[in-house]
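Q: quick one: sequence plus predicted model below, questions after.
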Amino acid sequence: MSRHNFVILSRGHAVEALAWTRQVMTKLGLAVNETKTAVRDARQEHFDFLGYSFGPHYYRKDGHWYLGASPARKSVQRLRANVGEVLVPSNVAPWDEVRDRLNRLLRGWATYFSYGTRLMAYRAADHHVYESVRGFLKRRHKVPSRGTRPFSHHVVYEKLGVFRLRRLHIGAPPTAAR
């Protein structure tokens, strides 16, 4: 039996819309998953759907609230777990292969999560990726320190070519014209 996820948005008639949906689903021979079904006031509370978190968001620059979407915490956690799978200590593939696999993962995630408010999720992901890559390379090259000097942000993101999600959000840094 196939499963279908959907959200019904309603202005003040959510209970009636849910009752109607149950009737239609029954006529179609389908059932509403009651454990996943809830009525939410999206102006006041968040709900997660297809990896996004919808609801009120806080605009840090001027302090106002707005209704929006951003990658859900679970989605960021899942990305972190997938990065960890690529950068396991037992991965002895050449760096170019490791980097390319990591970059495919990051680009795919960023392509899916290109809608809505992304900066905080992208920052968290970039921080985790940097720390993970630095740790991976520190172990691989047996660097006795924490690895911050030989594997700085510039080295990881520029010289070694790891994809940086924030670049998508804010663009590449400006360069001087010659």
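A: Received, thanks. Keep in mind that this is a model prediction, so the values were computed, not measured.

Q: how close does Glu131 sit to Pro94?
A: Spatial separation of Glu131 from Pro94 under the definition C-beta to C-beta, to the nearest Å is 22 Å. C-beta here means a position set from N, CA and C on the backbone, and glycine is covered the same way.

Q: neighbour count winner among those two?
A: Comparing Glu131 with Pro94 by other C-beta atoms under 10 Å, the one with more neighbours is Glu131, at 14 against 8.

Q: tell me how many other residues surround Pro71.
A: For Pro71, which is what you asked about, the neighbour count (other C-beta under 10 Å) is 27.

Q: I'd say it and Ala121 touch.
A: Yes: counting by C-beta atoms under 8 Å, Ala121 is a contact partner of Pro71 at 4.1 Å.

Q: hey, what's in contact with both of these two?
A: Counting by C-beta atoms under 8 Å, 6 or more residues apart in numbering, the common neighbours of Pro71 and Ala121 are Phe113.

Q: top helix in the protein by residue count?
A: The residue-count maximum for a helix in the chain (DSSP state H) belongs to helix 119-140.

Q: got the CA coordinates for it in PDB?
A: Taking Å, rounded to 0.1, in the frame of the first residue of the first chain, the C-alpha atoms of helix 119-140 are listed here in PDB:
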ATOM      1  CA  LEU A 119      21.400  30.600   6.500                       C
ATOM      2  CA  MET A 120      21.400  29.100  10.000                       C
ATOM      3  CA  ALA A 121      21.100  25.500   8.700                       C
ATOM      4  CA  TYR A 122      23.800  26.200   6.200                       C
ATOM      5  CA  ARG A 123      26.100  27.600   8.900                       C
ATOM      6  CA  ALA A 124      25.500  24.700  11.200                       C
ATOM      7  CA  ALA A 125      26.200  22.200   8.300                       C
ATOM      8  CA  ASP A 126      29.400  24.100   7.200                       C
ATOM      9  CA  HIS A 127      30.700  24.200  10.800                       C
ATOM     10  CA  HIS A 128      30.100  20.400  11.100                       C
ATOM     11  CA  VAL A 129      31.700  19.700   7.700                       C
ATOM     12  CA  TYR A 130      34.700  21.800   8.500                       C
ATOM     13  CA  GLU A 131      35.300  20.100  11.800                       C
ATOM     14  CA  SER A 132      34.700  16.700  10.300                       C
ATOM     15  CA  VAL A 133      37.100  17.300   7.400                       C
ATOM     16  CA  ARG A 134      39.700  18.700   9.600                       C
ATOM     17  CA  GLY A 135      39.500  15.700  12.000                       C
ATOM     18  CA  PHE A 136      39.500  13.300   9.000                       C
ATOM     19  CA  LEU A 137      42.600  14.900   7.500                       C
ATOM     20  CA  LYS A 138      44.400  15.300  10.900                       C
ATOM     21  CA  ARG A 139      44.000  11.500  11.500                       C
ATOM     22  CA  ARG A 140      45.000  10.700   7.900                       C
END
